[in-house]
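> Below are the sequence and a predicted model; questions follow.
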Amino acid sequence: MTTVCIVGKQGVDVRFELLSRETAREALATHDLSEPWENSVAIETVSLGGAVSLLNDLNWYLVRFAETAFVRDPSISTDEWLSRTLAERVRDNEIGVGATAQSLAVYGVEDGRLVEPMYVTRRDGEIPEYDLRDVEETVVVRVAEGEFGS
């Protein structure tokens, strides 16, 4: 299964906002929802194409209530996410899967919530250690060239 994760803006309860709106609630009705981190919603979909389509369907709400959205497809990586932009480019065959692994946003996880990303480039297959603050774990998101450092 491919997973979509929507992370809410600070001060916004993203799950409440999505489920309190009829159109978003209908788009999510057939999916299993979970909360991998504080103020996030993870949604299981059947494919990368399905994940991108769901994000497109929810775009009006994402612009208003979400900080970011990620996609994790097990055919690409079982433990790294793709940014929404990168997922769209892979789906549209604009970029090959092998070309997605260099530019990364590494988020820290502190007290169950995602904290500011550190933008890094993978070197010799290794990811530099997150050093912006002490964190319990990290979440790696592959990003498109234009998103790197933004």
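Arrived safely. Residues are numbered from 1 along each chain as shown.

> Now Ser34. Nearest residue, chain neighbours left out?
For Ser34, ignoring the flanking residues on the chain, the nearest one in space by Cβ to Cβ, 6 or more residues apart in numbering is Ala42 at 4.7 Å. All C-beta spots, glycine's among them, are computed from the backbone N, C-alpha and C.

> Which residues does the helix or strand containing that neighbour contact?
Secondary structure assignment for Ala42, by DSSP states H and E: strand 40-45. Residues outside strand 40-45 that contact it (Cβ atoms under 8 Å, 6 or more residues apart in numbering): 1-8, 14-15, 18, 28, 31-36, 51, 54, 114.

> Next: stretch 130-149.
37, 70, 77, 79-83, 85-86, 89, 95, 100-101, 103-111, 114-119, 127.

> which ones among the contacts of strand 40-45 are found in strands?
If you go by DSSP state E, the contacts of strand 40-45 have 2-8, 33-34, 114 in strands.

> Of the residues you listed, just say which sits nearest to Asn59.
Ile6 (11.1 Å; Cβ to Cβ).

> Now do the closest one against Leu114, distance only.
12 Å (Cβ to Cβ, to the nearest Å).

> Make a PyMOL selection of the buried ones in the contacts of strand 40-45.
Those of those that count as buried under 16 or more other Cβ atoms under 10 Å are selected in PyMOL with:
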select buried, resi 2+3+4+5+6+7+8+14+15+18+28+36+51+54+114
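
> By residue count, what's the longest helix in this structure?
Using DSSP state H to define each element, the chain has its longest helix at helix 48-57.

> Report the buried residues of it.
48-52, 54-55.

> Which residues does it contact?
2-4, 27, 31, 43, 45, 62, 69, 71, 73, 75-76, 84, 87-88, 90-91.

> following it, which helix or strand comes up?
With DSSP H and E, the next secondary element past helix 48-57 is helix 59-65.

> Rounded mean pLDDT for that following helix, please.
Taken as a whole, helix 59-65 has a mean pLDDT of 97.

> Output the longest helix of the chain as PDB, nothing but the C-alphas.
C-alpha atoms of helix 48-57 as PDB (Å, rounded to 0.1, in the frame of the first residue of the first chain):
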ATOM      1  CA  LEU A  48       1.400   6.100  -6.300                       C
ATOM      2  CA  GLY A  49      -1.100   7.400  -8.800                       C
ATOM      3  CA  GLY A  50      -4.000   7.000  -6.300                       C
ATOM      4  CA  ALA A  51      -2.000   8.900  -3.700                       C
ATOM      5  CA  VAL A  52      -1.300  11.800  -6.100                       C
ATOM      6  CA  SER A  53      -4.900  11.800  -7.200                       C
ATOM      7  CA  LEU A  54      -6.100  11.900  -3.600                       C
ATOM      8  CA  LEU A  55      -3.800  14.900  -2.800                       C
ATOM      9  CA  ASN A  56      -5.100  16.600  -5.900                       C
ATOM     10  CA  ASP A  57      -8.700  16.000  -4.800                       C
END
